[in-house]
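# sequence and predicted structure, then a few things I'm wondering about:
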Amino acid sequence: MEPYYRPLTLVGILLIASGLILVLLPLIARYLPSLERLPWIIVWVYRSNGFYFATSPLLIIISFISLLLNLLGRGR
């Protein structure tokens, strides 16, 4: 009997969930000031005159490395 889900489906669901969290991160940062206590490499929050910008430098670094590996892999 095959499993109910396939591993790629599970990865897709995890990516969608992490994307939703990142989209909602500025709203979360506005209402949870304790978010700034996390290490800067996990979550970085910029606040200025009611403007909130929150991102994850670690996720940006992982995405950049993935992009580089993908581009270098296609060149062969």
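Arrived safely. It should be emphasised that the depicted structure is a prediction, and the values quoted were computed from it without experimental measurement.
# quick check: nearest residue in space to residue 25, chain neighbours excluded?
Counting by C-beta to C-beta, 6 or more residues apart in numbering, residue 25 lies nearest to residue 54, which is 4.1 Å off, once chain neighbours are set aside. The way it works is simple: take the backbone N, C-alpha and C, and place the C-beta from them, glycine included.
# surely that neighbour is in a helix?
No: according to DSSP: H, G, I helix; E, B strand; the rest coil, residue 54 belongs to no helix; its state is strand.
# tell me the contacts of it?
Residues near residue 54 by C-beta atoms under 8 Å, 6 or more residues apart in numbering: 25-26, 28-29, 35, 43-46.
# filter those down to the buried ones, PyMOL style.
In PyMOL, this line selects whichever of the contacts of residue 54 come out buried by 16 or more other C-beta atoms under 10 Å:
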select buried, resi 25+26+29+43+44+45
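# what lies in contact with stretch 57-76?
Here stretch 57-76 makes contact (C-beta under 8 Å, 6+ apart) with 18, 22, 40-42, 44.
# burial measure for residue 22, as a count.
Counted with other C-beta atoms under 10 Å, the neighbours of residue 22 add up to 15.
# mind listing what's buried in the longest helix along the chain?
In the chain, taking DSSP state H as the definition, the longest helix is helix 7-31. By neighbour count on 16+ other C-beta under 10 Å, the buried set for helix 7-31 is 25-26, 29.
# cool, stretch 56-75 as well?
Residues of stretch 56-75 classed as buried by neighbour count (16+ other C-beta under 10 Å): residue 56.
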